[in-house]
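[1] sharing a model prediction with you, sequence too.
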Amino acid sequence: MPTDLFDLTGKIALVTGASRGIGEEIARLLAEQGAHVIVTSRRIDGCQAVADAITAAGGSAEAFACHVGNMDDITAVFAHISGTHGKLDILVNNAATNPYFGDILDTDLGAFTKTIDVNVRGYFFMSIAGAKLMRDGGGGAIVNTASINALKPGPAQGIYSISKAAVVNMTQAFAKEVARHNIRVNALLPGLTKTQFAGALFENEDIYNAAMVTIPMHRHAEPREMAGTVLYLVSDASSYTTGECIVVDGGLTI
């Protein structure tokens, strides 16, 4: 008899940065398992395309523009969720930015501020707003997309790596404090994944080839290969799992 551990029927899920890449695949998979998915990113057109594809495939989804680096946008999306759905069961903080690729000594204030505003402040206040809705609804699950750069800084990715290390600690801090509200908080740490976001890594032949040498599976990941871990972390299959940061990197960090 098939297991229902991964069944998300009746769940309301919010996925940020879901117009493409890893976020899109997470949104699609959660919908396939029965969740109603609120697809968000900065631009509504990309979100709508993903939401339309989900509904065309028989799932349930809607699009909402939300730039997590903008506090007004965060307020707006949670006001919408509260007013329309009355609850939130799943939050996937996946939106991120990496505006600077180069020597850490040349990082300017603009790149620093943008990276921290989105990757740290955005995750932090999205988690607060989401956890409050979950607390009022009896519980829920939050997953933060971090990076293996949180464990070992990536080349030419100084401030991005620092921000992702903050996400790991944030995940554990929230997990410890909101467990009493029946809210679990975990993180996904992807390795080298073929996305538009990671384009600079794939365009730099030296960095890409160096990574291939150190990845035991000798290949990069596709975005869909990250979604399964998130499904596990938001489903009943991980009901006793919180504060964990799961590395999915083909063995790179072994």
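    Cool, got the structure. Residues are numbered from 1 along each chain as shown.

[2] and the helix or strand hosting A173, what other elements does it pack with?
    Secondary structure assigned from DSSP states H and E places A173 in helix 158-178. Where contact means 3 or more Cβ pairs under 8 Å, 6 or more residues apart in numbering; DSSP states H and E, helix 158-178 is packed against helix 109-116, helix 123-137, strand 140-145, strand 183-190, strand 245-248. (Each C-beta comes from the backbone N, C-alpha and C, glycine too.)

[3] and the contacts of stretch 222-229?
    Outside stretch 222-229, the residues that touch it by Cβ atoms under 8 Å, 6 or more residues apart in numbering are 21-22, 24-26, 28-29, 145, 188, 190, 193-195, 246, 248.

[4] which residues in this structure form strands?
    Secondary structure of the chain (DSSP state E): strands located at 12-15, 36-41, 60-65, 90-93, 140-145, 183-190, 245-248.

[5] could you dump the ones you listed into a markdown table and include distance to S239 and mean pLDDT?
    Shown next, in a markdown table, are the strands of the chain (distance: least, Cβ to Cβ, whole Å; pLDDT from 0 to 100):
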| stretch | distance to S239 | mean pLDDT |
| --- | --- | --- |
| strand 12-15 | 17 | 98 |
| strand 36-41 | 21 | 98 |
| strand 60-65 | 23 | 98 |
| strand 90-93 | 14 | 98 |
| strand 140-145 | 9 | 98 |
| strand 183-190 | 8 | 98 |
| strand 245-248 | 15 | 98 |
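
[6] how about those in TSV, adding distance to L151 and mean neighbour count?
    Compiled in TSV, the strands of the chain are given as follows (distance: least, Cβ to Cβ, whole Å; neighbours: other Cβ atoms under 10 Å):
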stretch	distance to L151	mean neighbour count
strand 12-15	24	28
strand 36-41	26	28
strand 60-65	32	20
strand 90-93	18	29
strand 140-145	14	26
strand 183-190	7	25
strand 245-248	7	18
